[in-house]
Structure formats: structure tokens, C-alpha cells
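>>> Just to be clear, the model below is a prediction. Sequence and coordinates:
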Amino acid sequence: MSSSLLALRDAARPLRVAQTSVRYATRKESMGDPKNDIIRRALYPSNIRNRPSPTGTWRPDVGHRLQRAIPSVQAHETIERAWLLHQRHVRRKRTAELERKHACMVNAMEVLRELDSKLYLEANKGEDPRARSQEEQELVKTLKGAEKKVVEARIRGLFPRELRVPTETPSRTGWNYEWTPVVRPS
């Protein structure tokens, strides 16, 4: 073991001067959803110092335990190099897979060009998503408030914002039977 690590191991660990900090200050727990409190208690078990803290338990001996787990600087550097090598392999696999998918897409576009040139041109047509037709501009002039905002905010080709995520339970406000989507001229 190197002499610097031996010196660190044998050195007396500093005592914590302040036993409390802002992080451990008590705060009233919210009485909202009890699921959040249950999950917080399961993930972050409390001890004397951190009742509501989401940062886990305070362990003064973590440095000593790290020195026992990784006894030398060479072992630490070897672990670091192995981790970087693993990340490099994962990155290369990912780029190889992306290159394979891109080659398949280029091949499919070539087949489409040979089969039907109209569909090929339609699939590769560049379109400005913010561009509005004359009909759409006239429609926006007639709309007011939220409907106008929906039409202006909606970008063609993107997922519609007014659609909601499907859930197992209905919303707390109930169903809005009067809502109708704004029909955009195509």
C-alpha cells in the first residue's frame, strides 16, 4: 500500500463541528398524497439526523470504507480505466446500430424512388411547419381566446398538445362535454 494511503488510513478522522445544518432542518410534511410519503420513507429511511431529508442517511465513515474497498491508487485507476473501456464499447455498439438503421432507411428510400417517384418526392418534401395557408390565416382571424392560441401553437407534424395521456381513472374535474377540437383546413 502506498505511504500516502497509509497516512490517510491512520489519520484521525475530523469530527463534525456542527451537528445540524440547513439540510436537516425540520419541515412540516405535506398532507397531500400519502403515496409520496410512503415512497419517500421506503427509499430514504430516517435516522436521528435527517427526519424528512431525501438525501439518505449521514455516514461519517464513508471515506474509511472507500479506502478499505479500494486499497490502492492503482486499483482505483484500473477500475476507472475498465469503466471507461466499458463505456467506449457501449458507445461503439450504439453507433454501429444507428449506422445499420440509417443504411436500411436509405435502402428503403431508394426502393421507394424506384417504385413510385411521386411518393418518394412527397416523403422527401421539405415543409416549413410554421407556414400557414391563406385559409388558415382567415380561420385564425375569426377565432378568439383559447381556440386562437391552440391553432397558433399547433405545429403541423408534431404530436397534438390537446390530447391527454390515457389514465385508469377520470380527471377530478370530470368530462367537458362542450369541448370540440378546432378543425384546421388542410
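Arrived safely.
>>> Can you tell me how far residue 86 is from residue 79?
Using CB to CB, to the nearest Å, we find residue 86 at a distance of 11 Å from residue 79. Yep, even glycine has a C-beta here, placed from its N, CA and C like the rest.
>>> so where's the longest helix in the protein?
Determined from DSSP state H, the single longest helix within the chain is helix 73-115.
>>> elements contacting it?
Packing partners of helix 73-115 (3 or more CB pairs under 8 Å, 6 or more residues apart in numbering; DSSP states H and E): helix 117-123.
>>> what is the rounded mean pLDDT of the following helix or strand past the helix it packs on?
Counting by DSSP states H and E, the next helix or strand C-terminal to helix 117-123 is helix 134-142. Here helix 134-142 scores 85 as its mean pLDDT.
>>> List every C-alpha atom in helix 134-142, with coordinates, as PDB.
C-alpha atoms of helix 134-142 as PDB (Å, rounded to 0.1, in the frame of the first residue of the first chain):
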ATOM      1  CA  GLN A 134     -54.500  31.600 -46.700                       C
ATOM      2  CA  GLU A 135     -57.400  29.500 -45.300                       C
ATOM      3  CA  GLU A 136     -55.700  29.000 -42.000                       C
ATOM      4  CA  GLN A 137     -54.900  32.700 -41.700                       C
ATOM      5  CA  GLU A 138     -58.500  33.600 -42.300                       C
ATOM      6  CA  LEU A 139     -59.600  31.000 -39.800                       C
ATOM      7  CA  VAL A 140     -57.300  32.400 -37.100                       C
ATOM      8  CA  LYS A 141     -58.800  35.900 -37.700                       C
ATOM      9  CA  THR A 142     -62.200  34.600 -36.800                       C
END
